[in-house]
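A.B. asks: just need the structure, nothing else, for what follows:
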Amino acid sequence: MGIGLGVLFGVVAVGAAVLAAVNSYNYAIRHAQELETSGLLLNSGVGFGVAMLAASLALVAIHVYDA
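C.D. replies: Below you'll find the model as predicted:
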């Protein structure tokens, strides 16, 4: 159970980190071109927050269900 939840939350953390990186990159490109950037920094921040929360829950799940 602990390893399964750890892997699940780990995958969620990696996905959210990729989301944050992609949105940050898109913001940088669009800002340099002086185009509309609304929502990109917010999405990047939410992705970062989800990544940190999921990573911490992965560690907690592994330690809680350790036999």
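A.B. asks: what helix or strand is residue 55 on?
C.D. replies: Element membership of residue 55, judged by DSSP states H and E, is helix 40-64.
A.B. asks: tell me the pLDDT at the residue nearest in space to the middle of the chain?
C.D. replies: Nearest residue to the geometric centre of the chain (C-alpha atoms, centre = their mean): residue 16, 2.5 Å. Residue 16 is assigned 97 on the pLDDT scale.
A.B. asks: and the closest residue to residue 17 other than its chain neighbours, what does it touch?
C.D. replies: Spatially, and ignoring its direct neighbours in sequence, residue 17 is nearest to residue 51 (4.3 Å; C-beta to C-beta, 6 or more residues apart in numbering). C-beta: built from backbone N, CA, C; applies to glycine. Neighbour list for residue 51: 13-14, 16-17, 20 [criterion: C-beta atoms under 8 Å, 6 or more residues apart in numbering].
A.B. asks: which of the residues you listed count as buried?
C.D. replies: Among the contacts of residue 51, those scoring as buried are 13, 16-17, 20 (criterion: 16 or more other C-beta atoms under 10 Å).
A.B. asks: and the residues you listed as CSV, adding secondary structure and distance to residue 39?
C.D. replies: CSV is the format used below for these (DSSP: H, G, I helix; E, B strand; the rest coil; distance: C-beta to C-beta, whole Å):
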residue, secondary structure, distance to residue 39
13, helix, 22
16, helix, 16
17, helix, 19
20, helix, 13
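A.B. asks: contact partners for residue 5?
C.D. replies: By C-beta under 8 Å, 6+ apart, the neighbours of residue 5 are 57-58, 61-62, 65.
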